[in-house]
Each structure stands twice: as C-alpha cells, then as structure tokens.
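1. coords please:
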Amino acid sequence: MLFARNKSRSSAIASGANGVPGTQPTRTTSAAHACDHVLDSRSNTFADDVAAITGKGVDVVLNSLAGEAMEMSLACLGPFGRFVELGKRDYVTNAHIGLRPFHRNLSYFGVDLDQLVGGRQQVGADLFREVIKLFENGTFWCLPYSVFAGEDVAEAFHLMQQSSHIGKIVVRPPAPRAVRAENRPWSVRADATHVVTGAFGGFGREAARWLADRGARHLVLLGRRGAESADARVLVTELAARGVHVFAEPCDVSDIRAVESVFRKVVAAMPPVAGVMHAAMVLDDAIAANLTAERMARVLAPKVKGAENLDMVTRGLDLDYFVLFSSVTTLIGNPGQGSYVAANAYMEGVARRRRSKGLPALAVGWGPISDVGVVAASDKLRGNLQRLTGVKGMTAREALDLLGQALAYPGAPELAVMTISPNDGGFSRTRLPVLRSPTYAAFVGDGGASDAASEALDIQALVRAGKTDAVRTAVADLAIRELAHVLHARPEDISRVRPLGDIGLDSLMSLEFVMNLEKALGIGISVAGAVGSLTIPALADEIVAQLHLGRDREDTAVADFVERHVATLEPASAGHAAPPRAAELPRDLAL
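-> Numbers count the residues shown, from 1 in each chain. Got it, this is the predicted structure:
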C-alpha cells in the first residue's frame, strides 16, 4: 500500500495485496514522484494509520483488496472522497457493504477493464494510448517486476502465493510453436471389427456401448459365459437395435485354443479386425499369508495369459489400437491385491514389448469406476481405495472419454502405459509404505494434510461424545498444522492470538488453507467474514458448530452456552437442582 501526500493536502492511496512495510521501488525517482508513506495492507491498522497521517482521510482510494480489507480501505476516505474498485472478488462473491460511510458524500466507482475494452472499445483504446504516452514522457514508470516464461506459469503462481515477490509478476506468452494444435476426436472405423474381452462385465459393457457411440458397427463381445446374464442380453439387444452387428460367444481368453477358434470365425465372417480392448479380469483379494497357488493363478490367468494370447493371434493383423485394461493400484499398490497388481504389471510389460516392436499397444491404469463393475458394487472397497490411496471414483463414460483423448494424443504412438485416475492427494504413507520412496516424491508431495483422514474420524468421535472443549482444541491444533504447511513455517512459530492476516495469510493462501481444513475434517467450511481477520481460537469456534453432526445450529448454540456458562456454577448439593442440560433449557432462553 503506497500513500502519497502533497504537503498539506492528502492525495491518494493505492491498496493491494503486495504492500510490504519499508519496500521501495528499485528505480530512483525524483522528489516530485517520491512516496511519503508506505503502509502494510495486510495489517488491520492501516486505516487508523491513514487517519493519523492525514487527519481527515484521503481523496481517492484505488482498491484491489477484498472482504474486510476492502471495507477498511473505504474507511480511509475523507469527506467527498472517491473509491475506485479494480478488484473482482467482492463482485463474484456478491459481498455486502453498509451504506453508513456514504453519508460523507463519498462516491463508489466499479471499474472492470475487461468490460471497458470489450464493451467500449474506442474509449478503451483511447485510454490505453493516453497511458502509453504518459509512460513515454516519464510521468509514469514501471513497477519492479519478475518475468516468467509461459511454460513456467505454475512457478509464477507459487511465487505470488508465497508473497515472495516485489512489484508485479509477468508471464510471457508461449512461443507460437510451443502451443500444441487441438487434437482431433478419436473415432473408430465403421467398416472394421472391434473386439472387447470381458465384454459382459460392468466396465466391458460400457466399453462396447462407447465404441458403438464412436462409430463401430461390427463388435465381437467375448466373455467366459457369453451373453447369458440379463445385463448381457440387454446389451446385445440394444446394440442390434442400433444397427450394430454383434458376435457374442463364450470364450475363456486364458485358453489359447479358444481364442484362436474365435478369431478364425471372426476373420472368416466379419470385416478385418481393427482393434482390441482387453477388459477381462477376476478379483480374489487376500493378504500374502492367505494366498495359495490356485487363488493366485485364478487372478493371473485372464490378464496374463489373456494378454499373451491376444498378442499372439493378432500379430498378423493391421490393428489401429490394442488397449489393455490395467489399474491405478499397479502404480501405487493396494493391500490385499498382490495377485491383481502382479497381473496388471505383466500386462503393462506386454504393452511395452509390443511398442518396442512397432505394434500398437496401450495399457491404461484405471482408477475406481464408480457407476458399474466390481468397485461400484462394493461401498467398502470403494471407501478403502479412497481412504488408503487418495484415488477417487469416476464414471465409466468419463473414463472412456479420457481414453479417447489419450488415443488421439499426437504422442500416443510412443505411449505404452498410462494411468487415468482422479485423486485428492490424501495418500496414506502409513498404509502404503511404497509411497515413501523417492519414486513417488512428486506424486505424493510433501503431504501436509495427507494423513488427516484418521484424525478427522477422531474429531468426529469427540463431537458425538459431546466433548466440545476437546473438539475445539483438536480443531485449533489441526488449523495450526495446516496453516504452518501453507505458510511453509514451523507450527511452533504460528501465533494463536494474532489474526491470520497479520501472520501472512493472503487471499490465495486462505483458499488453500480452508480447502485443506475441509479435506481434513470431512465437511464444508463456511467462515463468516475474512479468514485473515480471525485468530486460531476464533476460527476453531466458527468450525466447532459445523462439526456437530447430530444437532442443528440452534441446538449447538444452546449446548455451547451451557458448557461455557451453566457448567461453571457450583455443583449441585442437597436442596439445589443440578445445572440444566441443553435439552432442558427453556425455549425462550435458547432463542
């Protein structure tokens, strides 16, 4: 925040998120351009400082602050002052301000340069030319700035988030050749045959429908039992009604003779085979101590032998694609799925081998499919995957559309293995020790809140037990740790009595801080006012009411009143009633 004053008359204040006490421009300026005062826009005292310096306030505020800081900037104006708003955050959030300050004949101007340039093009162009002339004649000069290349935009945002810069951050546009041309949508040949194994499982059925949507008119659908289930019969009928020629036959893809027999029939009766999707699988989870050779072979056979057999019988065919359905667990592991992970890892090896020989192949490590298949049918399995690995579910159609993008990617001919899985970053290094290795350092990150899920369960247990003080302490401790993570500071250096804005939390950091708290606590957090204006205890108090899962807000307020006040009375003795519980308080007291 820079404040200029012309001798006895106050002039203007520019408030923004980069004000740092004592910061001076790197360029030498003349006395006419010198700034008399530099104040800190992150301090809640800057409005009082302006009043003390000017005696009556300033004439103009050029503002880009938001929330409470914006109202404090408004308070810096003297009578007949003008408030010029350049920020957009308060517009987007529909923030409200009181009208009381405007009785001093203040004027409020909202300026959105995007709309000015787009809606009043001539005015915008004239203003731009005028500003350029002022730079050319030396009236204006550039602020200090840091320059980043277009491909380093993430580093630029990180610098801004940490408030480590002075002046402005400039990102140069990427060079013309650095911008990749838009990919063409991936489509399949209508005059060719497309093979899907495991076609009558949940994900396999959706893969068949997806291929038909992409233009396939000849489908070979293979499963160990063929189209005997009700869902399988519905699929075949549906595809036939859409004009798709469907060849559906029982086939165990781990049996080379069965696979060869099917392909002989297909080659003789259908158009040339253009692609294969291998989705066959068997799950039989068990820890290593309970594994037997039979159980392991049952899981390995469809993926390992199936991939080898399909590779062998298609070697002489001119394929457009050869897709193997793997799993995200192959990348990060999953307790109890050693056989499944081994089978998928072998398939990924087959994909790499085919690529090395110039043949098409792509093994895709899918995340959990939330609407069909094994994971969708088991809430326990789905919950364990997200809790232990951080991966989240996606619908089959979302997953397959991403596969289409991958197959259309210009670099696809060099890709052999890829993972498609959303995740929330909440990885558990305790349950998955492999994530502690350097291999996954970038994948996991520094994990400030990565293992908070177990802590969230403990906190909610305290809530259900009615231990409000313990909850308040736990939330405050959690907030300290998360704030230290965002600020890259030590938890012991975080003050519990200073407002978070005074500690260094700006608007971008506030967003990250609140998101981390929401992830750790498992609830959405609605904080009244600006987070930066609260202390750690005040923030904990605001969150505690939202953690009372079994009670509404009114009952929570009553219970809090009892715990804070009634419980401090003398214990009940003979002839004296015990302090009332929350449920026993008169209704008018609760109101």
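2. just how off-centre is stretch 49-68 within its chain?
-> Relative to its chain's centre, stretch 49-68 lies at 37 Å (CA atoms, centre = their mean, to the nearest Å).
3. with stretch 267-281 instead?
-> With CA atoms, centre = their mean, you get 38 Å for stretch 267-281.
4. that one: which residues count as buried?
-> 270-271, 273-281 (16 or more other CB atoms under 10 Å). No exception for glycine: its C-beta is placed from N, CA and C like everyone else's.
5. in a markdown table: these, plus pLDDT, distance to V323 and secondary structure.
-> Listed next are those as a markdown table, based on pLDDT from 0 to 100; distance: CB to CB, whole Å; DSSP: H, G, I helix; E, B strand; the rest coil:
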| residue | pLDDT | distance to V323 | secondary structure |
| --- | --- | --- | --- |
| M270 | 94 | 19 | coil |
| P271 | 94 | 19 | coil |
| V273 | 94 | 13 | strand |
| A274 | 93 | 12 | strand |
| G275 | 93 | 7 | strand |
| V276 | 95 | 7 | strand |
| M277 | 95 | 5 | strand |
| H278 | 95 | 7 | strand |
| A279 | 91 | 9 | coil |
| A280 | 90 | 12 | coil |
| M281 | 89 | 14 | coil |
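6. of all those residues, which two lie farthest apart?
-> P271 and M281 (27.7 Å; CB to CB).
7. tell me where the stretch 151-300 of the chain has helices.
-> Applying DSSP state H, counting those that start in this stretch to the stretch 151-300 of the chain gives helices spanning 153-161, 202-213, 230-241, 256-269, 293-300.
8. nearest to D541 among those helices would be which one?
-> That would be helix 153-161 among the helices of the stretch 151-300 of the chain, by CB to CB, at 27.0 Å.
9. now for the closest one, which elements pack on it?
-> The contact analysis (3 or more CB pairs under 8 Å, 6 or more residues apart in numbering; DSSP states H and E) places helix 153-161 against strand 145-148, strand 168-171, helix 507-521.
10. pick the most deeply packed of these.
-> Of those, the one with the most neighbours on average (mean count of other CB atoms under 10 Å) is helix 507-521, at a mean of 18.
11. name the next helix or strand downstream of that one, please.
-> helix 536-547 (DSSP states H and E).
12. returning to what we had before: and the helices and strands packed on helix 153-161: which comes nearest R104?
-> When the helices and strands packed on helix 153-161 are compared (using CB to CB), the closest one is helix 507-521, at 27.9 Å.
13. can I get that closest one as PDB, trimmed to CA atoms?
-> Output in PDB follows, covering the C-alpha atoms of helix 507-521 (Å, rounded to 0.1, in the frame of the first residue of the first chain):
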ATOM      1  CA  SER A 507      -6.400 -14.400  -0.200                       C
ATOM      2  CA  LEU A 508      -4.800 -17.200  -2.200                       C
ATOM      3  CA  MET A 509      -3.300 -18.800   0.800                       C
ATOM      4  CA  SER A 510      -6.700 -18.500   2.600                       C
ATOM      5  CA  LEU A 511      -8.300 -20.500  -0.200                       C
ATOM      6  CA  GLU A 512      -5.700 -23.300   0.100                       C
ATOM      7  CA  PHE A 513      -5.900 -23.200   3.900                       C
ATOM      8  CA  VAL A 514      -9.700 -23.600   4.000                       C
ATOM      9  CA  MET A 515      -9.600 -26.400   1.400                       C
ATOM     10  CA  ASN A 516      -7.000 -28.300   3.400                       C
ATOM     11  CA  LEU A 517      -9.200 -27.900   6.500                       C
ATOM     12  CA  GLU A 518     -12.300 -29.200   4.700                       C
ATOM     13  CA  LYS A 519     -10.300 -32.200   3.400                       C
ATOM     14  CA  ALA A 520      -9.000 -33.000   6.900                       C
ATOM     15  CA  LEU A 521     -12.400 -32.500   8.700                       C
END
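14. between it and helix 153-161, how many degrees?
-> Going by axes from the mean of the first three to the mean of the last three CA atoms, to 10 degrees, helix 507-521 is angled at 100 degrees with respect to helix 153-161.
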